[in-house]
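Peer 1: Sequence and predicted structure below; questions after.
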Amino acid sequence: MRSDQIKKSVLRAPNRCLLYATGISPKDLNKPFIGIASSFSDLVPGHVAMRDLERYIERGIAAGGGVPFIFGAPAVCDGIAMGHSGMHYSLGSREIIADLVEIVANAHMLDGLVLLSNCDKVTPGMLMAAARVNIPAIVVTAGAMMTGMYEKKRRSMVRDTFEAVGQFQAGKITEHKLSELEMAACPGAGSCQGMYTANTMACLTETMGMSLQGCATALAVSANKKRIAYESGMRVVELVKENIKPCDILTLDAFKNAITLDMALGGSTNTVLHLPAIANEAGIKLPLELFDEISKKTLQIVCLEPAGDHYMEDLDNAGGVPAVLFAVQDKLAHSKTVTGPDVVEIAKSSKILDEDIIRANNPYKHEGGIAVLRGNIAPNGAVVKQAAVSEKMKVFSGKARVFNSEDDAMKSILGNKIIAGDVVVIRYEGPAGGPGMREMLGPTSALHGMGLSDRVALLTDGRFSGGTRGPCIGHISPEAAAGGTIAAISDGDVININIPERTLNVELTDEEIKGRIVKAVKPEPKIKTGCMARYAKLVQSADTGAVLK
């Protein structure tokens, strides 16, 4: 076993002495050492119930014949970090999580890992570590939150709090109703209730074969989630014995399967950042073109919030990820899973339990949920969640209203200074310029709540929450901080968006763009010290997955 390097031979007497200090017995030295990378946190609703799951994972590992060791990893709640300087740190936490898991797993020569995750950057960070360390590993995502209830209607965090801010600002609801909504929308533990980034990544993790069947949609605090945690603990010991490693599972075909499912689900645009970053750790390149190529030939058959009116609990009741895989099985390639059967076998053995939720024969859209745009604004690409864009806004021209930060844009939006026909341009919010590529859920939700999402577009070199609706185009590459065209746009410039034709252009000549970029004055860095200052110097553009070099 790998762990023999810290527990076998006379030379390891001091190491064994320290291991005994943790409370293990001499008999445990003959068993696999399994790390449980737990991102438990009292600060993050998606993670507050993980203490129970830790116990069930420990039980499973012990029952399977392994020795469990829990260690910690950080978690950021994007919803709590949203709209202020805290959001700079969210994307950067992905790399730190990967580093921390690598450090602990390699410093202590662990034989296997259970990666207990849930929220937006934690799951991709854990998967990056799994591919990098490449020892037997399994992911347990902690599950989605149940919907809330208010005035006889199901409620969720994004639609009923973020968008309610815009509704209040527009005089559509009272402050009393806003207060009642914020108390009702999130009734307990779990990730946000719709097809936002956390839940999208959970579904893709299961599709890629790194979680047990049913894990992605089993709700937080459910008995089923506890059973999956227990079974994951047992299964990881078997993976160690069988020597099945993450890079045996995370193949190009597995990533293509994940992208196919992503498009069928209408998932978060953040997956276009995370899948390439995970693939990069496995030595695989996932160009933006691959996402668009798969999107064009994949039907969108599920439509959860924010684009639709269904939730993760509905998808779970409809058969979960296996049922969606059943619907798209003709587009899947054979790839291994930690469950045992390969993904095609899982798809063929599954069935759809609710055809109102998984519409295999009556798709919502005839293309996938995400589109990649190019043009003189984004020669290296930009991303839009076309599943959440109304038909009348898929082709749009408007005049630019330019802001050098999300904060300045938000002041104008809430100050009623944005009007129909505007294209809000938020720049210097990219991976390096942000730094950290902040999500723009505040501005997009405010615009929707104010009734402008079908009359105003938004462009940014930052990114969007999975909860974003409307013609919101992000990941513009190259970013403004790297001298991209977005740095050359001025107030009043005409911007043309054509999602069906995949184009994004400003009505400027190449000479005008070059001349403006030369004269452009970069804002002062927003963060000059600490981890994000280092991050800004190392991070690559969004089209690479914002990986560090």
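Peer 2: That came through fine. Note that the coordinates shown come from a computational prediction; the quantities given were computed from them, not determined experimentally.
Peer 1: Could you use CA atoms for every contact and neighbour count after this?
Peer 2: Will do.
Peer 1: Nearest residue to the middle of this structure?
Peer 2: Among the residues of the chain, Thr197 comes closest to the average C-alpha position under Cα atoms, centre = their mean, at 3.6 Å.
Peer 1: Read off the pLDDT value for that one.
Peer 2: If you check Thr197, the pLDDT there is 93.
Peer 1: Which residues are in contact with it?
Peer 2: By Cα atoms under 8 Å, 6 or more residues apart in numbering, the contact set of Thr197 is 119-120, 267-271, 465-467.
Peer 1: Out of those, who's the most crowded?
Peer 2: Ranked by neighbour count (other Cα atoms under 10 Å), these have Gly267 at the top, with 37 neighbours.
Peer 1: That residue reaches Thr200, doesn't it?
Peer 2: Yes: in terms of Cα atoms under 8 Å, Gly267 counts as a neighbour of Thr200; the distance is 5.5 Å.
Peer 1: Next, give phi and psi for Gly72.
Peer 2: Torsion angles at Gly72 (phi, psi; degrees, to the nearest 10) stand at phi -100, psi 150.
Peer 1: show me the contacts for it.
Peer 2: So Gly72 contacts 37-40 (Cα under 8 Å, 6+ apart).
Peer 1: repeat that for 7 Å
Peer 2: 37-39 (Cα atoms under 7 Å, 6 or more residues apart in numbering).
Peer 1: now swap in Thr339 and tell me
Peer 2: Per Cα under 7 Å, 6+ apart, neighbours of Thr339: 212-213.
Peer 1: Among the contacts of Gly72, which lie within strands?
Peer 2: 37-38 (DSSP state E).
Peer 1: low-confidence ranges in the stretch 151-300 of the chain?
Peer 2: Judged against pLDDT under 70, the stretch 151-300 of the chain has no low-scoring part.
Peer 1: Quick check on Gly398: phi, psi?
Peer 2: According to degrees, to the nearest 10, Gly398 has phi -160, psi 170.
Peer 1: Leu115 reaches Pro136, doesn't it?
Peer 2: No: counting by Cα atoms under 7 Å, Leu115 does not reach Pro136; the two are 10.8 Å apart.
Peer 1: first to last residue in stretch 24-40, what's the distance?
Peer 2: Stretch 24-40 has an end-to-end distance of 23 Å (Cα to Cα, to the nearest Å).
Peer 1: was I right about Glu406 contacting Ile426?
Peer 2: Yes: contact criterion Cα under 7 Å: Glu406 and Ile426 qualify, at 6.2 Å.
Peer 1: I'd like to know how far the nearest residue to Val240 once chain neighbours are set aside sits from Ile527.
Peer 2: Take Val240 and drop its neighbours on the chain: the residue closest to it by Cα to Cα, 6 or more residues apart in numbering is Pro136, 5.5 Å away. For Pro136, the distance to Ile527 (Cα to Cα) stands at 38 Å.
Peer 1: which one of these two has more residues nearby?
Peer 2: Ranked by neighbour count (other Cα under 10 Å), Pro136 and Ile527 place Pro136 first, with 27 against 16.
Peer 1: Glu406 and Ile426: who's more crowded?
Peer 2: The neighbour count for Glu406 versus Ile426, taken as other Cα under 10 Å, is higher for Ile426 (28 against 23).
Peer 1: Quick one: low-confidence residue ranges for this structure.
Peer 2: Judged by pLDDT under 70, the stretches of the chain that qualify are 466-467.
Peer 1: how about the strands of it, start to end?
Peer 2: Using DSSP E, strands in the chain cover 33-38, 67-72, 112-117, 137-141, 148-150, 153-155, 371-373, 381-384, 395-403, 422-426, 457-460, 472-477, 494-498, 503-506.
Peer 1: and the ones you listed, which is most packed in?
Peer 2: Ranked by mean neighbour count, those are led by strand 137-141 with a mean of 32 (mean count of other Cα atoms under 10 Å).
Peer 1: Tell me which strands that one pairs with, and in which orientation.
Peer 2: strand 112-117 (parallel) (DSSP bridges).
Peer 1: what's the distance between the strand it pairs with and the middle of its chain?
Peer 2: Relative to its parent chain, strand 112-117 has a centroid offset of 17 Å by Cα atoms, centre = their mean, to the nearest Å.
Peer 1: Report how many residues lie close to Lys537.
Peer 2: Lys537, neighbours per other Cα under 10 Å, totals 14.
Peer 1: need the contact list for it.
Peer 2: Taking Cα under 7 Å, 6+ apart, one finds Ala432 in contact with Lys537.
Peer 1: so how far is Ile370 from it?
Peer 2: With Cα to Cα as the criterion, Lys537 and Ile370 are 29 Å apart.
Peer 1: for Ala388, same thing?
Peer 2: From Ala388 to Ile370 the distance is 9 Å (Cα to Cα).
Peer 1: ok, now Gly483?
Peer 2: Taken as Cα to Cα, the span from Gly483 to Ile370 is 26 Å.
Peer 1: So these two - more neighbours on which side?
Peer 2: Ile370 (29 against 16).
Peer 1: That one - nearest residue in space that isn't next to it in sequence?
Peer 2: Lys385 (4.6 Å).
Peer 1: Surely that neighbour is in contact with Ala371?
Peer 2: Yes: counting by Cα under 7 Å, Lys385 touches Ala371, with 6.5 Å between them.
Peer 1: ok so, going back, in JSON lines, list the strands of the chain along with distance to Ala105.
Peer 2: Listed next are the strands of the chain as JSON lines, based on distance: least, Cα to Cα, whole Å:
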{"stretch": "strand 33-38", "distance to Ala105": "7"}
{"stretch": "strand 67-72", "distance to Ala105": "10"}
{"stretch": "strand 112-117", "distance to Ala105": "8"}
{"stretch": "strand 137-141", "distance to Ala105": "11"}
{"stretch": "strand 148-150", "distance to Ala105": "39"}
{"stretch": "strand 153-155", "distance to Ala105": "40"}
{"stretch": "strand 371-373", "distance to Ala105": "37"}
{"stretch": "strand 381-384", "distance to Ala105": "35"}
{"stretch": "strand 395-403", "distance to Ala105": "43"}
{"stretch": "strand 422-426", "distance to Ala105": "40"}
{"stretch": "strand 457-460", "distance to Ala105": "37"}
{"stretch": "strand 472-477", "distance to Ala105": "33"}
{"stretch": "strand 494-498", "distance to Ala105": "47"}
{"stretch": "strand 503-506", "distance to Ala105": "44"}
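Peer 1: between these, which one is nearest to Glu231?
Peer 2: Closest of the strands of the chain to Glu231 is strand 137-141, at 10.1 Å (criterion: Cα to Cα).
Peer 1: Pull that closest one out as PDB, backbone CA atoms only.
Peer 2: Output of strand 137-141 as PDB, limited to C-alpha atoms (Å, rounded to 0.1, in the frame of the first residue of the first chain):
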ATOM      1  CA  ALA A 137     -11.000   8.600  -4.900                       C
ATOM      2  CA  ILE A 138     -14.700   9.100  -4.800                       C
ATOM      3  CA  VAL A 139     -16.700  12.300  -4.500                       C
ATOM      4  CA  VAL A 140     -19.700  12.800  -2.200                       C
ATOM      5  CA  THR A 141     -21.700  16.000  -2.900                       C
END
